[in-house]
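**Student:** just a sequence and a predicted model for now, questions to come.
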Amino acid sequence: MTEEEEAAMDFCEELKSLADVHEVRGCPMDKIGNSMVYAGLCAINQHTGNLAETERRAAEIVDRWRQFPREG
């Protein structure tokens, strides 16, 4: 595993912890998810500087997500 992949996994775990904290504080999980997706799209768009490229990458992410079993 590369350092970049390891850092991404660590970041994902931190996001899950953050979501747990906000759910306990009363923020519904769907709103937490929407916020995370929006922030992710903004980060990708800031990196690419190209809306079409951002949309393409987002579609790839959704396609990869569909391949994993749903968490309960």
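**Tutor:** Happy to help now that I have it.
**Student:** longest helix in this structure, by residue count?
**Tutor:** helix 3-24 (DSSP state H).
**Student:** what residues sit buried inside the next helix or strand after that helix?
**Tutor:** Beyond helix 3-24 in the direction of the C-terminus, DSSP states H and E gives the next helix or strand as helix 29-48. Neighbour counts over helix 29-48 (16 or more other Cβ atoms under 10 Å) mark Ile32, Leu41, Ile44, Asn45 as buried. Heads up, the C-betas are built off the backbone N, CA and C, glycines and all.
**Student:** export stretch 12-19 to PDB, keeping only CA atoms.
**Tutor:** Output of stretch 12-19 as PDB, limited to C-alpha atoms (Å, rounded to 0.1, in the frame of the first residue of the first chain):
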ATOM      1  CA  CYS A  12     -11.800   8.000   5.800                       C
ATOM      2  CA  GLU A  13     -11.600   6.600   9.300                       C
ATOM      3  CA  GLU A  14     -11.500  10.100  10.700                       C
ATOM      4  CA  LEU A  15     -14.500  11.100   8.600                       C
ATOM      5  CA  LYS A  16     -16.500   8.100  10.000                       C
ATOM      6  CA  SER A  17     -15.600   9.200  13.500                       C
ATOM      7  CA  LEU A  18     -16.700  12.700  12.800                       C
ATOM      8  CA  ALA A  19     -20.000  11.500  11.400                       C
END
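**Student:** no more questions from me, cheers.
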